[in-house]
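1. model the structure of this input:
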Amino acid sequence: MNGDIYGFVGLGLIGGSIARAIRKNEPDSVIIAYTPHRETVDTAHAEGIVDEPLYEIGEAFNKCDYIFLCAPVEINNENLEKLVPYLSEKTTITDIGSVKNSIHEVVKRLGLEDRFIGGHPMAGTERIGFNNSKSEILKNAYYILTKTDSTREDRLARYYDLVRMIGAIPLVVPYAQHDYITAAISHVPHVISASLVNLVHDNDSEDELMKTIAAGGFKDITRISSSSPVMWQQICMTNSDNVSELLGKYIDSLYDIKLAIDEHDKDKLMEFFSSARSYRESFIETSSGPIRTSFVVRVEIDDQPGRLAKVATLLSDNDINIKNIGIVHNREYERGTLRIELHDRAGLDRAIELLRDNEYNIYTNH
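-> Down below sits the predicted model:
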């Protein structure tokens, strides 16, 4: 794939991360990009990620081997229509949206089924925008591919290899099934997360005591509520049937457990929590896929200025790359005060050994 030309329409968190991964793994590639925000493509160009910043959708996209549609779902549909006059038959068109039905319908209407393969990287963070993009976001993440009835196997195979090249794990899934799956594991959980945040907001006291003491468990389950409201509005609009169906099933299950609580049915409550725990622990705990092993060590440090920096410097001076680091302010579920996340098992093992050698009290999950 050396020398391929990649076009991006939109360059946010995921689009930017894909572009960075292509630049890292295929340095002689050419990347062009358009966004409606000129400063985004100018920044990407200044950082050496984008070779040619574009300020409109036009003829430049005719030379692309791949075009990634990286805007919110409904805007991707609009941008695809704008691209039609400039598309080459050699170009593989793809998107990154977490809803596939609507864009597959547009692709069929536009007669582009032989050139389109849907894409959905199952990766990301609650942060948004190109400035938060990182090539590592895609590493070992499932990357769903949705083909059409007219997708040639050689085109699919090349895209499959591209996904592997940027460090992700390709998985081909029918697009209707994809939308039902993502409604269950992503879209409904986001609705639930937002509803929990609003529950606290609507029932808190004037002095915001609930907000003040919200601890680890609540913050973990509602972290995703910091994602883009525009994106999630569009997802709910475009995958509404699946989200509504599964949300209805969830509401029914909540009503059942409410009855068990009202009736003090201890056996039903035990079964409810036990079955959830058993199923959750059956998930494959490897470093691949959307549920990943966290390479985390917790370190006890004195509550004094400079202690965090001292630990970070110790690891850095020994060439240990830190993925994330921060103080745990509430110990509801934590035993340490400093949480350090490493990129891989090797980094974690080296950090543990080094911290122990320097007489730190540490805690791990293994």
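2. pick out the residue nearest the middle of the chain.
-> With distances taken as CA atoms, centre = their mean, the residue of the chain nearest its centroid is Gly124 (2.0 Å).
3. Glu136 is in contact with that residue, correct?
-> No: when contacts are counted by CB atoms under 8 Å, Gly124 is not listed as touching Glu136 (11.9 Å). Any C-beta I mention is one placed from the backbone N, CA and C, and that applies to glycine too.
4. now the nearest residue to Ala312 once chain neighbours are set aside: how far from Arg307?
-> Spatial nearest neighbour of Ala312, excluding adjacent residues (CB to CB, 6 or more residues apart in numbering): Ile325 at 6.0 Å. Using CB to CB, to the nearest Å, Ile325 is found at 12 Å from Arg307.
5. and if you look at Glu245?
-> 51 Å.
6. likewise Arg152?
-> On the measure of CB to CB, Arg152 and Arg307 end up 59 Å apart.
7. who has more neighbours out of these two?
-> Taking other CB atoms under 10 Å, Arg152 and Arg307 do not tie; Arg307 has more neighbours (16 against 13).
8. quick one, phi/psi of the closest residue to that one other than its chain neighbours?
-> Nearest residue to Arg307 in three dimensions, chain neighbours excluded: Ile301, at 4.3 Å (CB to CB, 6+ apart). When read as degrees, to the nearest 10, the backbone of Ile301 gives phi -130, psi 160.
9. how about Ile301, what does it touch?
-> The neighbours of Ile301, taking CB atoms under 8 Å, 6 or more residues apart in numbering as the test, are Arg307, Leu308, Lys310, Val311, Thr337, Leu338, Tyr360.
10. which intervals of this protein have sub-threshold pLDDT?
-> Scanning the chain for pLDDT under 70 picks out the ranges 1-2, 125-126, 215-216, 284-294, 303-305, 327-336, 364-366.
11. burial measure for Val296, as a count.
-> 18.
12. a strand runs through it, doesn't it?
-> Yes: secondary structure of Val296 (DSSP: H, G, I helix; E, B strand; the rest coil): part of a strand.
13. isn't it right next to Arg339, touching?
-> Yes: using CB under 8 Å, Val296 is in contact with Arg339, at 6.2 Å.
14. can you show me the strands along the stretch 251-366 of the chain?
-> Taking DSSP state E, counting those that start in this stretch, the strands of the stretch 251-366 of the chain run over residues 295-299, 322-327, 338-342, 362-364.
15. turn those strands into a markdown table, columns for distance to Met231.
-> Output for the strands of the stretch 251-366 of the chain, formatted as a markdown table (distance: least, CB to CB, whole Å):
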| stretch | distance to Met231 |
| --- | --- |
| strand 295-299 | 28 |
| strand 322-327 | 23 |
| strand 338-342 | 25 |
| strand 362-364 | 35 |
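16. and these: which comes nearest Ala19?
-> strand 322-327 (20.6 Å; CB to CB).
17. what's the closest one packed up against?
-> helix 307-317, strand 338-342 (3 or more CB pairs under 8 Å, 6 or more residues apart in numbering; DSSP states H and E).
18. out of those, which is closest to Val106?
-> Per CB to CB, nearest to Val106 of those: strand 338-342, 39.6 Å.
19. chain center to the closest one: distance?
-> Offset of strand 338-342 from its chain centre (CA atoms, centre = their mean, to the nearest Å): 20 Å.
20. within its sheet, name the partner strands of it and how each one runs.
-> strand 295-299 (antiparallel), strand 322-327 (antiparallel) (DSSP bridges).
21. just name the most buried of those.
-> Of all the strands paired with strand 338-342, strand 295-299 carries the top mean neighbour count, a mean of 20, counting by mean count of other CB atoms under 10 Å.
22. count of neighbours near Arg20?
-> Per other CB under 10 Å, the neighbour tally for Arg20 reads 23.
23. over to Arg158?
-> When counting by other CB under 10 Å, one arrives at 16 neighbours for Arg158.
24. and it, how close does it get to Met165?
-> Distance, Arg158 to Met165, using CB to CB: 10 Å.
25. repeat for Glu113
-> Glu113 is 25 Å from Met165, by CB to CB.
26. same check on Gly124?
-> For Gly124, the distance to Met165 - CB to CB - is 20 Å.
27. all helices for this structure, in order.
-> 13-25, 38-46, 73-83, 101-109, 153-165, 175-182, 188-203, 209-213, 216-222, 229-238, 240-262, 266-281, 307-317, 345-357 (DSSP state H).
28. would you mind giving those helices as JSON lines with distance to Gly58 added?
-> Below are those laid out as JSON lines (distance: least, CB to CB, whole Å):
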{"stretch": "helix 13-25", "distance to Gly58": "18"}
{"stretch": "helix 38-46", "distance to Gly58": "14"}
{"stretch": "helix 73-83", "distance to Gly58": "9"}
{"stretch": "helix 101-109", "distance to Gly58": "20"}
{"stretch": "helix 153-165", "distance to Gly58": "24"}
{"stretch": "helix 175-182", "distance to Gly58": "29"}
{"stretch": "helix 188-203", "distance to Gly58": "35"}
{"stretch": "helix 209-213", "distance to Gly58": "48"}
{"stretch": "helix 216-222", "distance to Gly58": "42"}
{"stretch": "helix 229-238", "distance to Gly58": "25"}
{"stretch": "helix 240-262", "distance to Gly58": "34"}
{"stretch": "helix 266-281", "distance to Gly58": "49"}
{"stretch": "helix 307-317", "distance to Gly58": "45"}
{"stretch": "helix 345-357", "distance to Gly58": "45"}
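29. quick check: which of those helices is buried the most?
-> helix 13-25 (a mean of 24).
30. any common contacting residues for Ile325 and Arg307?
-> Leu338.
31. for Gly58, see how far away the residue nearest to the centre of the chain is.
-> Gly124 is 29 Å from Gly58, by CB to CB.
32. could you do Glu26 as well?
-> From Glu26 to Gly58 the distance is 24 Å (CB to CB).
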